[in-house]
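S.K.: Please work out how this folds:
(one chain, ligands or ions: 1)
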Amino acid sequence: QDYGFHQPSDFGSSKLRFPSSQSYYGADFSGFFGGHGGRRPAHQFPSFSGSGYFGGPGFGICDSPIAPCTQGKYRTYDGSCNNLGNPRLGVANSPYGRLLPPKYSDGLQAPPVSVTGHNLTSARQISAILFPDAKAPDPKWTLALMQYGQIITHDMSLAAGTTQGKAHTTMCCTPDLRAALPEDTRNPACFPIDIPDHDPVFSEAGIRCMEFVRTTNDISQGCNSGNKAAEQISAVTHYLDSSNVYGSSQQGADARREFQGGRLSVELKHGRQFPPPNNNKSAVCDHLSEEEACYLTGDIRANQNPQLTVFQILQLREHNRLAGELARINPHWDDERLYQEARKIAIAEHQAVTYYEWLPIILGRENTDRNGLTYNTQDFTYDYKENVDPSVLNDHATAAFRFFHTNIAGFLRLFDEHRSSYEALRLSDHFNRPQIIEEGNNFDDLARGMHTQPQESSDKFFTTEITWFLFRNGRSLGQDLRAIDIQRARDHGLASYNHYREYCGLPKAHSFEDFADLIDPESVQKLSYLYHHPDDVEFTVGGSLEAIVPGTLVGPTFLCIITEQFYRTRVGDRFFFENGVKDTSFTLEQVNEIRRGSISRLICDNADDVKSMQPRGFEQISQDNPVVPCSLIPAPSLEPWREIRQGEHTASQPQAVDHEFTFPFFFKK
Ligand code: HEM
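M.R.: Down below sits the predicted model:
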């Protein structure tokens, strides 16, 4: 869109009251912790929410005991003992971190109100006015970029007590959705979204209330005696450790294992591996018959949409492929060794794709290099920092990272091996109903499809498949994910957009017009209509309206928060695959093999019968990125994992491995 000024190309120009892109990217993300000196005070713990929390009294999930640490080679399932000095950091069922103090209206946990004391405008009204639908396919990136983002999300956080798929069992609205249940009769966790009379879609159907249940926090869990502001709990490990595949507890992990050959359990259908059936089907799926598929994976959200499920299955198959390959190379390894080594490699591959293929597109390679998220090296990176809190930030998960809901496409196109599209699935027909991926060639056609179809552009437009029809489950209308995003940020008491601007080194707005340095005039005008005061504008809202920083897919304030998050996620993880840490790390030879992996390799190796892919799978097919036979897509070799047993002849040693360096391959532009 042409806003007349501050278009993307204007970024960094003196017209903007915004540091030049050069100085911005190199910015020292201090701010809330500013004045302490040092390059990255904000990364250090005790973080804002961490101080005083660990070891506090209480008996809730957030304080449940963890097993004593043994310095093993492998990660625990719940994330404990990753940080040996503070073994609870990043564990499942611990609070999100927080960069800026919450702004609960009672200082403890009540959702915010306007600085003028008025109630905030309905989240649905804000969504309807500011985030309409307009189809604009991304010119460069495929739908797989969006979809892998959801995998990364589900690996890193899950607001405890929310379902994020199937409707919650707690009801906050009347069954006909015409009104909210009276406060004195409904569950105290209820925080339903009010739908105004004149809503363009929902009022016609008489719908006045959208279901919403608040996230479980440390006060309700008894881990905070109520004398300090509530912190929400995340139910999964905070680390990027494929917990969506393996689960976030020993018990959960065991339930997903075959205990044979190091494999994860699968159900074989016509020789194809699918996850085992979920025996809690009615809690996670909207199936119409008992025969319909509903899977058990490491994450409760795996059935939420078809492309997400496809990736979950590809990850499952990759683990089993690795286990099989390792068993061939090392026939003397037992089930446990095969399972743990396959898990360690699969997590490393996932980290490599996330940091070297995915994040550079989202955040810009210059930015990721400059801020220590990526390196150009064939060595170890030696960047583990024990004093960095790896917890997923509330500011990130509840606002910034949700911006990528903008990239969701309403229709999923199916592509055959010749890359011809013959059909499209409507997203809202298949929420929580993954059966469709088992039909005919759909699995492969969806896998190719998401690597061929463009994602929707990063902008202020969101498909109605998620703003009108989310989880509609056969009904004519469903819910509004954008309204839910806004309401969730209120539930979590996130600070306002203006505060994050300041935190990120951008000028604080004193009037609505001041937002025009980054937000188009029409949206600024709408903000002034929807909010009483510039300080009321919510982070989720303001951040999503910012012009995109060139070379990235996100505006400057979200860019700052997401960069901060992925810095912490990397350097706060003792097991990060590139670290040369004693006892836990790969050999350098192994690390360099993992660096050869790619999203396209994942498809080639694990789809049913995909024979060709473009090398850079997150990028659309073009002359510069043509579809090639899978044999031409670099593949990590597992030879460096071959174990030479005492007395074995050296002739069985591995052939020299070709260490072709893969970064220029992906990022040659
Ligand atoms: C078809 C694709 C997607 C659908 C249907 C979807 C749907 C949802 C839903 C229903 C929630 C829970 C909302 C709430 O109750 O607060 C959620 C949360 C979230 N989504 Fe998405 N999403 C999709 C893709 C993505 C992508 C691509 C990203 C980022 C790259 C993303 C990031 C997030 C984050 C960070 C959360 C919060 C997670 C937590 O901490 O609980 N989502 N999404």
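
S.K.: what's near enough to touch the closest residue to Phe539 other than its chain neighbours?
M.R.: Leaving out its chain neighbours, the residue that sits closest to Phe539 by C-beta to C-beta, 6 or more residues apart in numbering is Ala399, at 4.4 Å. Placement of C-beta: from N, CA and C, glycine included. Neighbouring residues of Ala399 by C-beta atoms under 8 Å, 6 or more residues apart in numbering: Asp485, Ala489, Leu494, Glu538, Phe539, Thr540, Gly543, Phe558, Ile561.

S.K.: so where does the second one fall, helix or strand?
M.R.: Which is Ala489. helix 481-491 (DSSP states H and E).

S.K.: So which elements touch that helix?
M.R.: When contacts are defined as 3 or more C-beta pairs under 8 Å, 6 or more residues apart in numbering; DSSP states H and E, helix 481-491 packs onto helix 123-130, strand 193-194, helix 464-467, helix 539-545.

S.K.: between these, which one is nearest to the ligand?
M.R.: Smallest distance to the ligand across the helices and strands packed on helix 481-491 (C-beta to the nearest ligand atom): 5.8 Å, for helix 464-467.

S.K.: quick one: contacts of that closest one?
M.R.: With contact meaning C-beta under 8 Å, 6+ apart, helix 464-467 is reached by 127-128, 131, 133, 405, 408, 410-411, 426-428, 480-483.

S.K.: With only the CA atoms kept, save it in PDB.
M.R.: Extracted as PDB, the C-alpha positions of helix 464-467 are listed here (Å, rounded to 0.1, in the frame of the first residue of the first chain):
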ATOM      1  CA  THR A 464     -11.200 -13.900   7.500                       C
ATOM      2  CA  GLU A 465     -10.500 -17.700   7.800                       C
ATOM      3  CA  ILE A 466      -9.000 -16.700  11.200                       C
ATOM      4  CA  THR A 467     -10.800 -13.500  12.000                       C
END
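
S.K.: What is the distance between it and the centre of its chain?
M.R.: 19 Å (C-alpha atoms, centre = their mean, to the nearest Å).

S.K.: How is Ser268 assigned, secondary-structure-wise?
M.R.: Not Ser; residue 268 is Leu. strand (DSSP: H, G, I helix; E, B strand; the rest coil).

S.K.: dump the residue contacts of it.
M.R.: If a contact means C-beta under 8 Å, 6+ apart, then Leu268 has Phe274 as its contacts.

S.K.: beta partners of it?
M.R.: Beta-bridge partners for Leu268, by DSSP bridges, are Gln273.

S.K.: For it, give its distance to Glu258.
M.R.: 11 Å (C-beta to C-beta, to the nearest Å).

S.K.: Ser585 is in contact with Asp379, correct?
M.R.: No - using C-beta atoms under 8 Å, Asp379 makes no contact with Ser585, being 11.9 Å away.

S.K.: Look up the closest residue to Asp176, ignoring the ones flanking it.
M.R.: Nearest residue to Asp176, sequence neighbours excluded (C-beta to C-beta, 6+ apart): Gly206, at 7.4 Å.

S.K.: Can you report how many residues neighbour the one you found?
M.R.: A count of neighbours around Gly206, defined by other C-beta atoms under 10 Å, yields 10.

S.K.: How about the contacts made by it?
M.R.: Residues in contact with Gly206, defined by C-beta under 8 Å, 6+ apart, are Asp176, Leu177, Arg178.

S.K.: what's the distance between it and Ile126?
M.R.: For Gly206 relative to Ile126 (C-beta to C-beta), the value is 21 Å.

S.K.: What sits closest to whichever residue of the chain sits closest to the ligand if chain neighbours are left out?
M.R.: Closest to the ligand within the chain is Gly149: 2.5 Å, counting by C-beta to the nearest ligand atom. Sequence neighbours aside, Phe404 is the residue nearest to Gly149 in space, at 5.0 Å (criterion: C-beta to C-beta, 6+ apart).

S.K.: is it true that that neighbour touches Leu143?
M.R.: No - between Phe404 and Leu143 there is no contact under C-beta under 8 Å: 11.6 Å.

S.K.: So these two - more neighbours on which side?
M.R.: Neighbour count, other C-beta under 10 Å: between Phe404 and Leu143, Leu143 has more, with 27 against 22.

S.K.: Quickly note the distance from the more buried one to Thr297.
M.R.: Computed as C-beta to C-beta, the Leu143 to Thr297 distance reads 21 Å.

S.K.: With Asp485 instead?
M.R.: 24 Å.

S.K.: My reading is that Ala342 lies in a strand. Confirm?
M.R.: No - judged by three-state DSSP, Ala342 forms no part of a strand; its state is helix.

S.K.: Contacts only, for it.
M.R.: Shown in contact with Ala342 (C-beta under 8 Å, 6+ apart): Gly262, His319, Asn320, Leu322, Ala323, Leu326.

S.K.: Ok, Leu314 next?
M.R.: Counting by C-beta under 8 Å, 6+ apart, Leu314 has contacts Ala447, Leu602, Ile603, Asn606, Ala607.

S.K.: Which ones among those residues map onto helices?
M.R.: Those of the contacts of Leu314 mapping onto helices are Ala447, Leu602, Ile603, Asn606, per DSSP state H.

S.K.: Leaving out sequence neighbours, find the closest residue to the last one.
M.R.: Leaving aside its chain neighbours, Asn606 sits nearest to Arg317 (4.0 Å; criterion: C-beta to C-beta, 6+ apart).

S.K.: Check what pLDDT that neighbour gets.
M.R.: pLDDT for Arg317: 98.

S.K.: And Ile562, by the same measure?
M.R.: 98.
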